[in-house]
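[1] with the sequence up front, the predicted model follows.
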Amino acid sequence: MTDSPLRLRLDAAALVANWTLLDRLSGAAACGAAVKANGYGLGARGVVTRLAAAGCRDFFVASWAEARALADLGVTVSVLHGVRAEDMADRPAQIRPVLASAEQVQRWRAAGADAPCDVMVDTGMNRLGVSPQQVAEGLLDGLAIETLMSHLVSADEAVDLNARQLAAFAGLAGRTSARRRSLANSSGIALGPDYHFDLTRPGIALYGGRQRAPHAGIAQVVTPEAQILQLRRVQAGETIGYNATYTAPRDMAVAILNLGYADGYLRCFSNKGIARAGAAALPVVGRISMDLTAICVDAAPDLAEGDWVAIDYDLPATAALSGLSQYELLTGLGARFDRVWA
């Protein structure tokens, strides 16, 4: 806690309830959790401790630096970006690379092929992963593979590519020593049991993202809150903010918040965003600047300097309003926010 004029109100019960729902939707498959990008912006340690207590046993990060930051929590972590030469010197036992290239496989073999690893197979993303042909040619033979995984390109859409990727991944059955297989992300879970295999890897849905109908029960986890720096009266006809994009249609009460695009509240919310004080809706007026946002507070006349307001941040609705993805909305929230679990 840094006593910042910005905070993220994080709902621990909603986070756990979301994982519990995704675990149920995963059927017989175990349900893990993607906690990369510092737990999608919430703070990875806080997310991991709460989900581990709820029963989650598999966690996924992007880099070894992210994994090492969790090493003392005693959980199993898979590093989705594999292993670079620079990562080989410090490899805590409970951290596994997700090997994603022939070079990474060779690097891991040189360290001792009996060390457990995971492997990513590319079934259509053309991003990270070894090819099914490389698997058939024996690239992975002899490795101690815990989880063989792939990643869906368009699981949030009803497209034929989902079925093609499923068929390609299912066709790898028996081709490796892998103890488990994993294909489904948050939206992949909603595609049904054929996509679940042994382990699912939800990310955005844990944190309040909803992309498909089975996610309807997912609850909001993150609410940004900002403190009022100043209250002022703006006269009818005066403008507010850079480039005078808003002209007051009447005399109005305006609050200036310690919040701006440097904090991830981007200019696309200018004259669109909404703050709230209780049930009162307080619209953003004028252009959002680096550190400041103006809101009309006529609907909340009792607000005072130093009071806090909440920012509307339901992920699907805010994505539709802003044109940003639900992922960007979360991971863009800046370091100046205190993360406050409730």
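    Right, received. Where do you want to start?

[2] and the closest residue to residue 197 other than its chain neighbours, what does it touch?
    In space, and not counting its chain neighbours, residue 197 is closest to residue 181: 4.1 Å by C-beta to C-beta, 6 or more residues apart in numbering. Just so you know, the C-beta spots here come from the backbone N, C-alpha and C atoms, and that holds for glycine as well. Listed by C-beta atoms under 8 Å, 6 or more residues apart in numbering, the contact set of residue 181 reads 147-149, 169, 172-173, 197-199.

[3] one more time with 7 Å
    148, 197-198 (C-beta atoms under 7 Å, 6 or more residues apart in numbering).

[4] skipping adjacent residues, who's closest to residue 165 in space?
    residue 123 (4.4 Å).

[5] for the stretch 51-200 of the chain, give me the ranges with low pLDDT.
    113 (pLDDT under 70).

[6] where exactly do the strands run in it?
    All strands of the stretch 51-200 of the chain, identified by DSSP state E, counting those that start in this stretch, fall at 58-61, 76-79, 95-99, 117-120, 145-149, 180-182, 199-200.

[7] who's in contact with the first one?
    Residues external to strand 58-61 that are found in contact with it (C-beta under 7 Å, 6+ apart): 30, 32-36, 48, 67, 75-80, 199, 201.

[8] please point out which parts of the longest helix anywhere in the chain sit buried.
    The residue-count maximum for a helix in the chain (DSSP state H) belongs to helix 12-25. Residues of helix 12-25 classed as buried: 12, 14-23, 25 (neighbour count, 16 or more other C-beta atoms under 10 Å).

[9] pLDDT and distance to residue 141 added to these, as a markdown table?
    As requested, the buried residues of helix 12-25 are arranged in a markdown table below (pLDDT from 0 to 100; distance: C-beta to C-beta, whole Å):
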| residue | pLDDT | distance to residue 141 |
| --- | --- | --- |
| 12 | 98 | 44 |
| 14 | 98 | 45 |
| 15 | 98 | 40 |
| 16 | 98 | 41 |
| 17 | 98 | 43 |
| 18 | 98 | 39 |
| 19 | 98 | 35 |
| 20 | 98 | 39 |
| 21 | 98 | 39 |
| 22 | 98 | 34 |
| 23 | 98 | 33 |
| 25 | 97 | 35 |
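
[10] ok, and the most crowded of the contacts of residue 181?
    residue 148 (27 neighbours; other C-beta atoms under 10 Å).

[11] show me what contacts it?
    Taking C-beta under 7 Å, 6+ apart, one finds 119, 121, 172, 176, 178, 181 in contact with residue 148.

[12] which residues does the third one contact?
    Listed by C-beta under 7 Å, 6+ apart, the contact set of residue 172 reads 121, 132, 135, 148.

[13] swap the cut-off to 10 Å and go again
    119, 121, 123, 132, 135-136, 140, 148, 150, 178, 181 (C-beta atoms under 10 Å, 6 or more residues apart in numbering).

[14] go on, the fifth one?
    Under the criterion of C-beta under 10 Å, 6+ apart, the contact list for residue 178 reads 117-119, 121, 140, 143-149, 172, 198.

[15] looking at these, state which has the most neighbours.
    Neighbour max across these (other C-beta under 10 Å) = residue 119, 29 neighbours.

[16] closest one of the contacts of residue 178 to residue 257?
    residue 149 (42.2 Å; C-beta to C-beta).

[17] ok, the closest one touching residue 98?
    Yes: assessed by C-beta atoms under 10 Å, residue 149 is found in contact with residue 98 at 6.7 Å.

[18] what sits in contact with each of the two?
    60, 78, 80, 118-120, 129, 182.

[19] from the residues you listed, which would you call buried?
    The buried subset of those (16+ other C-beta under 10 Å) comprises 60, 78, 80, 118-120, 129, 182.

[20] in a markdown table, list those residues along with distance to residue 252.
    Formatted as a markdown table, these follow (distance: C-beta to C-beta, whole Å):
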| residue | distance to residue 252 |
| --- | --- |
| 60 | 48 |
| 78 | 52 |
| 80 | 49 |
| 118 | 57 |
| 119 | 60 |
| 120 | 54 |
| 129 | 55 |
| 182 | 54 |
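
[21] so what sits opposite the residue nearest to residue 23 when sequence neighbours are not counted in the bridge?
    Leaving aside its sequence neighbours, residue 23 sits nearest to residue 31 (C-beta to C-beta, 6+ apart; 3.8 Å). Beta-bridge partners for residue 31, by DSSP bridges, are residue 200.

[22] so who does the residue nearest the centre of the chain touch?
    Taking C-alpha atoms, centre = their mean as the criterion, residue 40 is the residue nearest the geometric centre of the chain, at 3.3 Å. Shown in contact with residue 40 (C-beta under 10 Å, 6+ apart): 33-34, 47, 203-204, 206-209, 221-222, 326-327, 329-331, 333.

[23] and the strands of the stretch 51-200 of the chain: which comes nearest residue 265?
    If we rank the strands of the stretch 51-200 of the chain by C-beta to C-beta, the stretch that ends up nearest is strand 58-61, at 25.9 Å.
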